[in-house]
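[1] sequence first, predicted coordinates after that:
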Amino acid sequence: MRRTMRWTLLIALVAGCRAKPEPTVADLHFPVVVIYGTTSVVLYPNAHTLGFASIASLNALTGPPALIDSDFNIYILEELASTHGTLWLMTHPTGNTPVTFQLARAPESGIAVARQLLRPRLEDQTWRDDLDQGREALAREETLAGMFAIVDGKDD
């Protein structure tokens, strides 16, 4: 009896210690926003479009970009790279390129973290004469698409 209890406890401990599975694109809730450092913020409406990135955004990266999904889950795009080689990228310096990446969960998620990630991109737009209104609107906005529209600054 005692031996059976030990094995049961050991199996329960091992089963409980399994690492959380790595996230995949299928786990994302679209649309998603990718923040390419200080250079650009891009809204991707679906999984297919997430498989492409601007060559300029890739060239300007200083670290892995953050991704925010519509449920305000935050991820990091690790190992983001073009599927094309350096020579192709040199001969095609503009436009989009197919990309690969590994999704990793960020240490924190939520709407407040999403606002913290997006606000510096709004603040960088010093030429805008509506920054105060943008700050207030970003603080009130409850949807990712709405937050992107505020940071993007384009009237659609």
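    Arrived safely.
[2] run a quick neighbour tally on Ala66.
    Using other Cβ atoms under 10 Å as the criterion, Ala66 is surrounded by 20 other residues. C-beta coordinates here come from the backbone N, C-alpha and C atoms, glycine included.
[3] any idea of the pLDDT on it?
    Among the per-residue scores, Ala66 holds a pLDDT of 98.
[4] now swap in Glu136 and tell me
    Per-residue confidence at Glu136 stands at 98 (pLDDT).
[5] same deal with Ala19?
    The pLDDT attached to Ala19 in the predicted structure is 69.
[6] repeat that for Asp124.
    95.
[7] that one and Thr38 touch, don't they?
    Yes. With contact defined as Cβ atoms under 8 Å, Asp124 counts as touching Thr38 (6.4 Å).
[8] for Ile111, which non-adjacent residue is spatially closest?
    In space, Ile111 comes closest to Phe72 once its chain neighbours are excluded; the distance is 4.8 Å by Cβ to Cβ, 6 or more residues apart in numbering.
[9] give me the neighbour count for that neighbour.
    Neighbours around Phe72, by other Cβ under 10 Å: 18.
[10] buried ones in stretch 51-64?
    Counting neighbours by 16 or more other Cβ atoms under 10 Å, one finds that the buried residues in stretch 51-64 are Gly51, Ala53, Ser54, Ile55, Ser57, Leu58, Leu61, Pro64.
[11] give the contact list for Leu122.
    When contacts are counted by Cβ atoms under 8 Å, 6 or more residues apart in numbering, Leu122 touches Leu131, Gly134, Arg135, Leu138, Ile150, Val151.
[12] returning to that earlier point: tell me the one of the buried residues of stretch 51-64 nearest Ala106?
    Nearest to Ala106 among the buried residues of stretch 51-64 is Pro64, at 10.1 Å by Cβ to Cβ.
[13] please state the backbone phi and psi of the closest one?
    With angles defined as degrees, to the nearest 10, Pro64 shows backbone torsions of phi -70, psi 130.
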